[in-house]
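In: structure for this input, please:
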Amino acid sequence: MSSTEQAVALIATLAALDTAGTNPELIDEITALEQLKTAISARQARLTDTFAVSQRAELTAAGVKPVDARRSVCAQIALARRDSPHKGNRHVGLAHTLVHEMPQVLHVLERGDASEWRATLIARETAHLSVEHRARIDAAIADQLPGWSDQHTAHQARGWAHRLDPQGAADRASKAVTDRRVTIRPAPDCMTYLTALLPMKEGVGVYGVLHRAAMTAHCDPDDHRSKGQVMADELVKRTMTPGAGEPEHPAVELHLVMTDRALADRDDEPAHLIGHGPVPAPIARDLLTADERTRVWVRRLFTDPGTGDLLATDARRRDFPPAARQFLAARDQICRTPWCGAPIREADHAVAVSKGGPTDLRNGNGRCTNCNLVKDLDGWTTRVDDTGVITTTTPTGHTHHGRPPNPPKSAPWEPRPRIRRPDGTGEPAPRIEIHWPGEMLRSRQ
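Out: Residues are numbered from 1 along each chain as shown. Here you go, the predicted model:
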């Protein structure tokens, strides 16, 4: 029996186990399974490094650039582990570090006495060190690692890095200032996480200002907001209204996909906000409420009556104009590569034109920049069937299938009785009029 067959058999064995046993026995098995997870991650690290070395050698021998060879390897590892390419890159880097530079930490993982994440923290905190320094840290912390928490592991690895290379640590801190930024990502219940990466001094200063505002509000008996609510409100106030006067209302464009019935018939089918995810129908309708500061445009998206899949948009050009790119973003929602999940950055052909791919919406797909590059590398092939399913074949011959997520879908419209007037005449049937601003259409074509 091959090692792959043994791994598959282990999955079946675990699935067949029952949950009978005393409470102490249940805790013992949970502990044993956690150790098994860690040992499996160690095995994956060894296999990943072996594959990476072999595959890179094959690709470079075939004339592939080293940067493209690494991109191909990381993408294949990501697909094998059902992870994003970003995590695939991290898996490859961690495997190299553990196998070649920190074998004692790897041995701790093989015994099941740590976790893959704690090994990742060690690799991250020591990434800038020389091989010799990493070897010293490997020897120093391996025996103590089983008793450390995630935070303690990161602190210890960072402390050793600062001790062995203080100037390097100072240089990294100076360079990190250039990485300051503000990011946004979706949060549950139609909220967002707004995150600022700042130098320590400025970050603590901003938090202190918001904290003092919250403490001042607590002195007002009529203010019943929590400390966190006051700090959030103060952040919005200071950002949107930096001076006296009315709050600023910057131009923001939202792309919302919803059914006609959810829009006009108060159907409860959730909408989909591009870049965020599902949105309750009442919230979506509120977003579409126009006022003196808000302009709402509607673009029809046509669906297959049987499957509900998005098929086309109003745009009639065939070379992926802005309207078609918006359609692909609305249909695919996130990168079409299986398990990627990154925001769409490229709207392009699934099968490249140079490989005979047509320029139509069925052959169009939305991908992140990395995945759009990977699909055209040597050894990678892509095929699109009649249903729009994209089949990707990797250099090792493994295939992965991806289809767009299901769009919002309401039940069909139901005919309504006509209201009769006292004189017997009938009320005109309800009618929805959608107006298409000419300037909007021209800017989208």
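
In: residue ranges with poor pLDDT in the protein?
Out: 242-252, 289-321, 415-445 (pLDDT under 70).

In: what are the boundaries of the strands in the stretch 51-200 of the chain?
Out: With DSSP state E, counting those that start in this stretch, the ranges of strands along the stretch 51-200 of the chain come out as 181-187, 191-197.

In: how close does Ala119 sit to Thr192?
Out: Ala119 sits 32 Å away from Thr192, going by C-beta to C-beta, to the nearest Å. C-beta: built from backbone N, CA, C; applies to glycine.

In: between the two, which is the more surrounded one?
Out: Ala119 (24 against 11; other C-beta atoms under 10 Å).

In: mind listing what that one touches?
Out: 41, 94, 98, 102, 105-106, 109 (C-beta atoms under 8 Å, 6 or more residues apart in numbering).

In: scan those and report the most crowded one.
Out: Leu98 (29 neighbours).

In: which among the strands of the stretch 51-200 of the chain is found nearest to Pro24?
Out: The minimum distance between Pro24 and these falls on strand 181-187, with 39.4 Å, by C-beta to C-beta.

In: any figure for the gap between the nearest residue to Trp413 once chain neighbours are set aside and Ala411?
Out: Excluding its sequence neighbours, the residue lying closest to Trp413 (C-beta to C-beta, 6 or more residues apart in numbering) is Arg261, at 6.4 Å. Counting by C-beta to C-beta, the separation of Arg261 from Ala411 is 7 Å.

In: before we move on, what about Asp348?
Out: 35 Å.

In: higher neighbour count, the two?
Out: The residue with more neighbours, out of Asp348 and Ala411 and counting by other C-beta under 10 Å, is Asp348; that gives 19 against 10.

In: quick one: residues contacting the more buried one.
Out: Counted by C-beta under 8 Å, 6+ apart, Asp348 has contacts 320, 364-365, 367, 372.

In: just these: which are in strands?
Out: 364-365, 367 (DSSP state E).

In: switch those residues over to a markdown table; also include distance to Gly168 and neighbour count.
Out: Shown next, in a markdown table, are the ones in strands among the contacts of Asp348 (distance: C-beta to C-beta, whole Å; neighbours: other C-beta atoms under 10 Å):
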| residue | distance to Gly168 | neighbour count |
| --- | --- | --- |
| Gly364 | 47 | 23 |
| Asn365 | 43 | 28 |
| Arg367 | 37 | 25 |
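
In: I'd like to know how many residues surround Thr241.
Out: 12.

In: same check on Pro186?
Out: 13.

In: and the closest residue to it other than its chain neighbours, backbone torsions?
Out: Closest residue to Pro186 apart from its sequence neighbours, by C-beta to C-beta, 6+ apart: His276 at 4.5 Å. With angles defined as degrees, to the nearest 10, His276 sits at phi -120, psi -60.

In: strands of the stretch 251-400 of the chain, residue ranges please.
Out: So, for the stretch 251-400 of the chain - with DSSP E, counting those that start in this stretch - the strands run 256-257, 271-273, 277-279, 301-303, 310-313, 346-349, 364-367, 381-384, 390-393, 399-402.

In: wait, isn't the residue nearest to Trp413 in contact with Glu269?
Out: Yes - using C-beta atoms under 8 Å, Arg261 makes contact with Glu269 at a distance of 7.0 Å.

In: common neighbours of these two, please.
Out: Contacts common to Arg261 and Glu269, judged by C-beta under 8 Å, 6+ apart, are Ser410.

In: let me have the strands of the stretch 251-400 of the chain in JSON lines, extended by distance to Glu34.
Out: Output for the strands of the stretch 251-400 of the chain, formatted as JSON lines (distance: least, C-beta to C-beta, whole Å):
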{"stretch": "strand 256-257", "distance to Glu34": "41"}
{"stretch": "strand 271-273", "distance to Glu34": "37"}
{"stretch": "strand 277-279", "distance to Glu34": "31"}
{"stretch": "strand 301-303", "distance to Glu34": "45"}
{"stretch": "strand 310-313", "distance to Glu34": "43"}
{"stretch": "strand 346-349", "distance to Glu34": "40"}
{"stretch": "strand 364-367", "distance to Glu34": "36"}
{"stretch": "strand 381-384", "distance to Glu34": "39"}
{"stretch": "strand 390-393", "distance to Glu34": "34"}
{"stretch": "strand 399-402", "distance to Glu34": "29"}
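
In: for those strands, which one sits closest to Gln144?
Out: Across the strands of the stretch 251-400 of the chain, closest to Gln144 is strand 399-402 (C-beta to C-beta), at 40.8 Å.

In: pairing partners for the closest one, with directions?
Out: Strand pairing for strand 399-402, determined by DSSP bridges: strand 390-393 (antiparallel).

In: how far off centre is the partner strand?
Out: With C-alpha atoms, centre = their mean, to the nearest Å as the basis, strand 390-393 stands 20 Å off its chain's centre.

In: can you check stretch 1-10 too?
Out: The answer for stretch 1-10 is 32 Å, by C-alpha atoms, centre = their mean.

In: tell me what Leu256 is bridged to.
Out: Where Leu256 sits in a bridge, its partners, by DSSP bridges, are Leu273.

In: try Thr183
Out: Assigned bridge partners for Thr183, using DSSP bridges, are Thr195.

In: count the neighbours of it for me.
Out: Around Thr183 there are 9 residues (other C-beta under 10 Å).

In: show me what contacts it?
Out: Thr183 neighbours (C-beta under 8 Å, 6+ apart): 194-195, 197.

In: in a markdown table: those residues, plus distance to Glu58 and neighbour count.
Out: Converted to a markdown table, the contacts of Thr183 look like this (distance: C-beta to C-beta, whole Å; neighbours: other C-beta under 10 Å):
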| residue | distance to Glu58 | neighbour count |
| --- | --- | --- |
| Leu194 | 45 | 14 |
| Thr195 | 41 | 10 |
| Leu197 | 39 | 11 |
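
In: closest one of the residues you listed to Ala12?
Out: Thr195 (42.4 Å).

In: mind listing what the closest one touches?
Out: Per C-beta under 8 Å, 6+ apart, neighbours of Thr195: 182-185.

In: kindly report the same for Asp222.
Out: Asp222 neighbours (C-beta under 8 Å, 6+ apart): none.

In: ramachandran coordinates for it?
Out: According to degrees, to the nearest 10, Asp222 has phi -90, psi -10.

In: Val236 versus that one, what's the distance?
Out: 20 Å.

In: cool, Gln35 as well?
Out: Counting by C-beta to C-beta, the gap from Gln35 to Val236 is 47 Å.

In: those two: who's more crowded?
Out: Gln35 (16 against 12).

In: that one is in what secondary structure piece?
Out: Assessed by DSSP states H and E, Gln35 sits inside helix 23-61.

In: distance between stretch 259-269 and the chain's centre?
Out: Using C-alpha atoms, centre = their mean, the offset of stretch 259-269 from its chain centre is 28 Å.

In: residues making contact with that stretch?
Out: 258, 270-271, 281, 284-285, 288, 298, 408-411, 413, 432.
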